[in-house]
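K.L.:
I'd like to go over a predicted model; first the sequence, then the structure.
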Amino acid sequence: MLPLLYTQIDRAEMNAPLRAKGFAPVYTASAKSRIVLVGQAPGRIAQETRKPWNDASGRLLRKWLGVTDEEFYDPDLFAIMPMDFYYPGKGAHGDLPPRKDFAKTWHPKLSALMPNVRLTILVGAYAQKYYLGMRAKRSLTETVKYFNNYLPEYFPIVHPSPLNFGWRKRNPWFEKDAIPILQELVQKAMRYTCET
């Protein structure tokens with residue numbers, strides 16, 4: 001968890017209103033982490049249980065990655081680092097977006113403590129726009145379709161929300177072509193963990 005940084009995040013002034021609600025930062029990380037998973041922000045269930053991806057989306061994500069629950073929640077394997085570590089609240093059309101300044105403030109500090117990362121998986125548009133910048137394509141679909149352009153450092157994927165079932169149906173290439181390569185890269189990164 002890298003306790004010193006966790007304490008800094010938890011006590012930061014920018015997070016005081018969320019701390020007042022009883023919220024704690026929801027993420028996992030270790031100095032040994034080999035894979036970083038960057039999503040949007042914890043959902044309500046994740047915030048309440050303080051366990052990221054603790055829902056139907058998380059179950060599908062683990063299936064896509066080809067990993068067990070135990071592997072996914074092992075911080076020596078996966079650092080789970082959303083664009084905001086706090087549930088942003090409910091909006092008119094789902095959860096509110098992550099705060100714009102959060103990742104800019106904390107991601108570089110956390111990344112600096114994880115020197116052995118082999119792969120960063122970018123889940124959804126917020127993570128892709130932040131990490132890929134001008135290299136991202138005009139749409140999420142294009143960015144994900146041309147995932148090879150961002151390897152070996154980044155692998156962009158669509159969010160595994162049940163709400164994206166229609167997207168998956170319209171884009172069968174994602175699970176047919178992209179997911180097997182993602183699983184291969186994940187396994188390679190995890191094997192590297194075991195060998196060092």
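P.N.:
Happy to help now that I have it. Residues are numbered from 1 along each chain as shown.

K.L.:
Chain neighbours aside, what residue packs nearest to Ala125?
P.N.:
If the residues on either side of it in the chain are set aside, Ala125 comes closest to Leu140, at 4.8 Å by Cβ to Cβ, 6 or more residues apart in numbering. All C-beta atoms are positioned from the backbone trio N, CA, C, and that covers glycine.

K.L.:
Could I get the contacting residues of the one you found?
P.N.:
Contacts for Leu140 were tallied using Cβ atoms under 8 Å, 6 or more residues apart in numbering; they are Gly124, Ala125, Gln128, Pro156, Val158.

K.L.:
again, only using 10 Å
P.N.:
Gly124, Ala125, Tyr126, Gln128, Lys129, Pro156, Ile157, Val158, His159, Asn164, Trp167 (Cβ atoms under 10 Å, 6 or more residues apart in numbering).

K.L.:
got the phi/psi numbers for the fourth one?
P.N.:
Recorded main-chain torsions at Gln128 are phi -70, psi -40, according to degrees, to the nearest 10.

K.L.:
still on that earlier bit, tell me the predicted confidence for the residue nearest to Ala125.
P.N.:
On pLDDT, Leu140 comes in at 97.

K.L.:
Now do it against Trp106, distance only.
P.N.:
Leu140 sits 24 Å away from Trp106, going by Cβ to Cβ, to the nearest Å.

K.L.:
Grab the longest helix from the chain for me.
P.N.:
helix 179-195 (DSSP state H).

K.L.:
Look up phi and psi at the spatially most central residue of the chain.
P.N.:
The residue lying closest to the centre of the chain (Cα atoms, centre = their mean) is Val38, at 2.4 Å. Reported as degrees, to the nearest 10, the phi and psi values for Val38 are phi -110, psi 110.

K.L.:
Out of the helices and strands in this structure, which is least certain?
P.N.:
strand 94-95 (a mean of 82; mean pLDDT, DSSP states H and E).

K.L.:
who's in contact with it?
P.N.:
Contacts of strand 94-95 (Cβ under 10 Å, 6+ apart): Gln40, Ala41, Pro42, Gly43, Arg44, Tyr87, Pro88, Gly89, Ser161, Leu163.

K.L.:
could you pull out the strands for this structure?
P.N.:
Listed in chain order, the strands of the chain (DSSP state E) span 35-38, 78-80, 90-91, 94-95, 119-123, 154-157.

K.L.:
So for Met134, which of those sits nearest?
P.N.:
Nearest of these to Met134, taken as Cβ to Cβ: strand 154-157 at 13.7 Å.

K.L.:
Can you tell me what sits against the closest one?
P.N.:
Contacts for strand 154-157 (Cβ under 10 Å, 6+ apart): 35-39, 61, 64-65, 119-125, 127-128, 131-132, 135-137, 140, 142-150, 174, 178-179, 181-182, 185-186.
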